[in-house]
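Student: Need coordinates for the below:
(chains A, B and C)
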Amino acid sequence: MPELPEVETTLQGIRPHLEGRVLRGVDVREARLRWPVSEALYALKDSPVLGLKRRAKYLLIQLAEGQLLIHLGMSGTLRVVEAGTPLRKHDHVDLRLDDGKVLRFNDPRRFGTVLFQAGDDDHPLLEKLGPEPLGDDFTGEWLFARSRGRKVAVKSFIMDNATVVGVGNIYAQESLFLAGIHPSRAAGRVSRERYERLAEAIKVVLAKAIEAGGTTLRDFTRADGQPGYFAQSLRVYGRAGQPCITCKTRLKADRHGQRSTSYCPQCQR
DNA sequence: ATCGGGACCTGCTTGC
DNA sequence: TGCAAGCAGGTCCCGA
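Tutor: Down below sits the predicted model:
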């Protein structure tokens, strides 16, 4: 159930199990994901795991031969299990480790990816990505500069990975509410000052969500450690028709590019 | 260049 | 109870 906080939580959950280990091999039971699972993975054998990191919503596993890219799509999860653990439905890929554990990729909708990029170069999918939302180079000024003349809805604009990565449907809505910006407003018609507030809101919302994800980290490797959602802190997402937390106005529902949006018509302009 | 829409999938909820 | 429609947290690619 991955937006960026879930991916970050996953990274932190699997890291201790992978660092310092050797990848013995990869078992692919279903290769038809968003893109076919990279053929090169089938041949990997006894490769030390050099490190793990995250870029946007991609989990990157560094091996001597290159880089493994895992994206959870809309429904993907990773679990660390003991070798021999019975398979569940949609357990598509296993990474076998030298300590008898397995990193198991499950994805009912198969929108996720398991790819391999040989050598030192970044995978093409990573090339066009914008700044990390929690990094110093993501600022209101950046949003302002990039948005001049743009007519797209500001919600679509901040969900565009070239603008900033890791802002999915939930957190886009939450951030716009916090910043008091109407999701349908043209990106080019938001002031510098309001973009400062929006950038700050995005950072706060994501940082808090990551923190909350961290609380479920402890049982992450347990049987069904479904990352909790901290739904109680969602102010507008999924609340269309209910009263605004601030002003009691009935929250409205709308759509931006096939994605539902809820917002307060009073607080967000 | 920019924008909106379609596409890729399964599973769960809703409504007749 | 059964079945179809609608919707779900992502994001690439296409045509206008």
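
Student: switch to C-alpha atoms for all contacts and neighbour counts from now on
Tutor: Fine.

Student: quick one, strands of chain A?
Tutor: Along chain A, counting by DSSP state E, strands occupy A:22-28, A:47-55, A:58-63, A:66-71, A:77-82, A:91-97, A:101-106, A:113-118, A:252-256, A:259-263.

Student: Return the nearest residue of the stretch 51-200 of chain A with respect to DNA strand C.
Tutor: residue A:168 (3.1 Å; CA to the nearest atom of the strand).

Student: can you pull the pLDDT of that residue?
Tutor: We note a pLDDT of 94 for residue A:168 in this prediction.

Student: what does residue A:216 give?
Tutor: At residue A:216, the model reports a pLDDT of 44.

Student: what's the answer for residue A:40, then?
Tutor: 95.

Student: ok, now how distant is it from residue A:26?
Tutor: For residue A:40, the distance to residue A:26 equals 10 Å [CA to CA, to the nearest Å].

Student: Settle it for me: which of those two has more neighbours?
Tutor: Ranked by neighbour count (other CA atoms under 10 Å), residue A:40 and residue A:26 place residue A:26 first, with 19 against 11.

Student: Name the residues linked to the more buried one by a beta bridge.
Tutor: residue A:95 (DSSP bridges).

Student: What parts of the stretch 1-150 of chain A come near DNA strand C?
Tutor: A:1-3, A:34, A:56-58, A:73-74, A:111, A:125 (CA under 7 Å from any atom of the strand).

Student: Using neighbour counts, trim these to the buried set.
Tutor: With burial judged by 16 or more other CA atoms under 10 Å, the buried subset of those is A:1-3, A:56-58, A:73, A:111.

Student: any idea how chain A splits into domains?
Tutor: With domains defined by automatic domain parsing, chain A comprises A:4-127, A:140-263.

Student: export those domains to JSON lines and tack on distance to residue A:269?
Tutor: As requested, the domains of chain A are exported to JSON lines (distance: least, CA to CA, whole Å):
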{"stretch": "domain A:4-127", "distance to residue A:269": "26"}
{"stretch": "domain A:140-263", "distance to residue A:269": "4"}
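
Student: quick revisit: is it true that the residue of the stretch 51-200 of chain A closest to DNA strand C touches residue A:156?
Tutor: No. Taking contacts as CA atoms under 8 Å, residue A:168 lies outside contact range of residue A:156: 9.7 Å.

Student: Compare neighbour counts for those two and give me the winner.
Tutor: Legend: neighbour count by other CA under 10 Å for residue A:168 and residue A:156, higher for residue A:156 (21 against 18).

Student: Touching, that one and residue A:258? I think so.
Tutor: No. Look at residue A:156 against residue A:258 with CA under 8 Å: they stay out of range, at 10.5 Å.

Student: Pull the contacting residues for the closest residue to residue A:191 other than its chain neighbours.
Tutor: Among residues not flanking residue A:191 along the chain, residue A:144 sits closest, at 7.1 Å (CA to CA, 6 or more residues apart in numbering). Residue A:144 sits next to A:188, A:190-192, A:195 when contact means CA atoms under 8 Å, 6 or more residues apart in numbering.

Student: pLDDT wise, what is residue A:144 at?
Tutor: According to the model, residue A:144 carries a pLDDT of 98.
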